[in-house]
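Novice: output the structure for:
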Amino acid sequence: MTDHKIVDILHKVPHHKIRVFALHHETVACLFICDFEGDATPIFLTLGTMKNKGLFRLLVALIAAMALYWALPLAINAYLNANANRIVKELLTRTAEFQNHDVEFGNLWLDFDFRGTNLRMEDVRMWRVGDESPEDGEWDFDLHVEHAVITGFNWFPLIFRNEIVLDSALVGPGHAQLKISRSKSEDVYLADEKRENDYDLISVKHLGVREVSFVNMDPATDSVRFDIHRLNVKADRFVLSKEMIMSKEELFDVQRISGKAGRVEVHVDKDRAKVRGLNIEFDTDEGRLAAEVLQFINKLHPHVYVHQFAHEVDWIKLENSSLEVIGLDVRHFARTSELHADTVKVVSPRVEVYRDKRVDDRHNVYPKMVHEILRDLPLGLDVRTILLVDGRAGYSEQPDNESERKSYLFFDNLNAVISNATNLAAKLEDDHHLHVDISGRLMGKGQINGTFRYDLTDSRGGFTMRGRLGPMALPDLNPLVEPQARIGMESGSLTQLAWNIAANEIEGTGDVLFEYEGLKIKIMDRDYQDRQNVFRKVLAGLLNKTLVPSANPDSKGRVREGVVYAERDPEKFIFNYWWRLISSGLRSTLTGEDESDLREKAERKRGAG
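Specialist: All right, here's what the predicted structure looks like:
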């Protein structure tokens, strides 16, 4: 047999499948016992006679190399598995984040070959040792993972470049729990000398999480921070460097990531409420994130919640909403902390808000204007379009009086388009306005349309608001008016309420057109109930004839236009400012006051404290 034929045959036999080498004492021959797909297959080759010493020496060298290739992994695996706990523990706890932590494994297997080392772990537990509190910037982990598998761990990059390079890493299936905290502010970074043992780079070609239920607990209170059920994730080319860990912008780099989760809950407001998403999907190839159901659940009854605070707050609930984000650039966000998306679509949200006006509303809290909210976000934001489809928003309020009734109003059939929601300087050069166009119905009756334009580059927060409401029956507004003012509207119809206002963070001016007819008011009793007697009927009749114009335009066709002037209360939210602006125009329509009168009244109120 020629040398070329021998080489051809040897190339066809996978070296890692060879189990036995044998030599005949006279004839240079080799018996290969090969394992093909689990079957032992003998191959006998006659290579020549003892006279061919050169070929004999070559075969001896080949046999020795094969024996070493076969025996070396056995020796390395024997060493690795004998010292597996110590080796893996040192690999995990050498970094600054996991310093002062201990690790325990229920079961641990290491399998080395020349292509890399594979690692399989079961029942992994990690916790911080000692009773001393973490120093500034240090972490406290309490971790439990049922199953984890790592393949293709490469020792060369670790030894010579201080890098962790893996072919794949898989967590699950099973349950995982993590209790985690960090001392002081998130902006506190560990000193450089504590990061001497950190890896310069961690790289995983294929990263996966399979059917994992994961809960993150607050170690101080043992309460849930966030809870994830049936999480599945696939990621390709995941990279995390020491520079990324230290950076305030970079998080990680990933070529592709996709996944699903059955349920995700994030607990907020000191565990008084939680955000819940159901049936969540995300995929970077599609640039899409979707949640079939999105909810904001307040765990406390409205009255109980608002009275836990020394100042006036809102109780809020969100139900039945679904969310879809299109054109989401996850990779760019991970590298720059800038969130870019083409469209955010929110469908059928149902929002309820409750406020108790009997709670002190002077609390030295200064809610931000719209331009300040965008400017002060901890990340860069550029969302081209936000769509609100078929929404409903209800607001109930306990008035600051003796009434047991709550004021209530709601909007339904809400649809909105918000465009150019950005705080990036380059985007603001093209268009420096936030555009909001909204439509819906007030109290299920009156059609309302409005537009807002916010100048995002104006340091004083300049904006304009224009809109129109009507027609509708004025008594439909009684659930809002009666518990507040002890008066109601017995009859009347709104033709239109139109407003055109320009304002900033200090004050606003403009005009209001309030057209109505057949208005008659009625007087509530001392309990703010609609219980009429002769006295209240006579008083209401007197007011209707002397103080309250019954129509606008009047009987002669003259139209009274309201003048807008109002100052912003910096301790109240933007919704309060919008209402103050419009209501100033309503009052001036009824009273005949002009802008100078309204300014003088505001100045007197300001001077009175």
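Novice: now do the helix or strand where Glu600 lies: which elements does it pack against?
Specialist: Per DSSP states H and E, Glu600 falls inside helix 595-607. If contacts are counted by 3 or more Cβ pairs under 8 Å, 6 or more residues apart in numbering; DSSP states H and E, helix 595-607 sits against strand 561-567, helix 574-591. (C-beta placed from N, C-alpha, C; glycine too.)
Novice: buried residues in the first one?
Specialist: Pointing back at strand 561-567 there. 562-567 (16 or more other Cβ atoms under 10 Å).
Novice: next, the angle helix 574-591 makes with it.
Specialist: Angle of strand 561-567 versus helix 574-591, following axes from the mean of the first three to the mean of the last three Cα atoms, to 10 degrees, is 140 degrees.
Novice: each with direction, which strands does strand 561-567 pair with?
Specialist: With DSSP bridges as the test, strand 561-567 is paired with strand 507-523 (antiparallel).
Novice: who does Phe105 form a beta bridge with?
Specialist: Beta-bridge partners recorded for Phe105 (DSSP bridges): Val124.
Novice: that one: what's it in contact with?
Specialist: Taking Cβ atoms under 8 Å, 6 or more residues apart in numbering, we find Phe105 in contact with 84-85, 88, 121-125.
Novice: and the helix holding Glu600, what's its mean pLDDT?
Specialist: Mean pLDDT, helix 595-607: 83.
Novice: with stretch 319-338 instead?
Specialist: Across stretch 319-338, pLDDT averages out at 92.
Novice: before we move on, back to that, what's the angle from the helix holding Glu600 to strand 507-523?
Specialist: 90 degrees.
Novice: show me which positions of helix 595-607 end up buried.
Specialist: Neighbour-count burial for helix 595-607 [16+ other Cβ under 10 Å]: 598, 602.
Novice: and it, how far out from the chain middle?
Specialist: Between the centre of helix 595-607 and the centre of its chain there are 44 Å (Cα atoms, centre = their mean, to the nearest Å).
Novice: between the two ends of stretch 585-601, how far is it?
Specialist: From its first residue to its last, stretch 585-601 covers 14 Å (Cα to Cα, to the nearest Å).
Novice: which residues are in contact with it?
Specialist: Contacts for stretch 585-601 (Cβ under 8 Å, 6+ apart): 497, 499, 509-512, 514, 548-549, 552, 560-566, 584.
Novice: name the helix or strand of the protein that has the lowest mean pLDDT.
Specialist: Ranking every helix and strand in the chain by mean pLDDT, DSSP states H and E puts strand 18-20 at the bottom, with a mean of 42.
Novice: is it true that Ala551 touches Thr495?
Specialist: No - Ala551 is beyond contact range of Thr495, at 9.3 Å (criterion: Cβ atoms under 8 Å).
Novice: find the residues that touch each one of these two.
Specialist: Contact criterion Cβ under 8 Å, 6+ apart; residues shared by Ala551 and Thr495: 516-517.
Novice: where does His267 land in three-state SS?
Specialist: Secondary structure, DSSP: H, G, I helix; E, B strand; the rest coil: His267 is strand.
Novice: that older thread, restricted to buried residues, select the contacts of Phe105 in ChimeraX.
Specialist: Buried residues among the contacts of Phe105 (16+ other Cβ under 10 Å), as a ChimeraX selection:
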select :84,88,121,124
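Novice: the closest residue to Gln532 other than its chain neighbours pairs with what?
Specialist: Nearest residue to Gln532, sequence neighbours excluded (Cβ to Cβ, 6 or more residues apart in numbering): Lys522, at 7.0 Å. Assessed by DSSP bridges, Lys522 has beta-bridge partners Gly488.
Novice: distance of Lys522 from Val481?
Specialist: Going from Lys522 to Val481 by Cβ to Cβ, to the nearest Å gives 10 Å.
Novice: give me the common contacts of the two.
Specialist: Common neighbours of Lys522 and Val481 (criterion: Cβ under 8 Å, 6+ apart): 487-489.
Novice: now, of those, which are buried?
Specialist: By 16+ other Cβ under 10 Å, the shared contacts of Lys522 and Val481 give 487-489 as buried.
Novice: as CSV, the residues you listed with distance to Ala220 would be great.
Specialist: Formatted as CSV, these follow (distance: Cβ to Cβ, whole Å):
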residue, distance to Ala220
Ile487, 52
Gly488, 51
Met489, 54
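Novice: pick the one among those residues closest to Phe226.
Specialist: The shortest approach to Phe226 among those belongs to Gly488, at 47.0 Å (Cβ to Cβ).
Novice: residue contacts, the closest one?
Specialist: Per Cβ under 8 Å, 6+ apart, neighbours of Gly488: 475, 478, 481-482, 521-522, 524, 530.
Novice: among those residues, show me the least confident.
Specialist: Lowest pLDDT of these: Asp530, 80.
Novice: can I take it that that one is in a strand?
Specialist: No - going by three-state DSSP, the assignment for Asp530 is coil, not a strand.
Novice: would you agree it is in contact with Glu482?
Specialist: Yes - between Asp530 and Glu482 there is a contact under Cβ under 8 Å: 7.0 Å.
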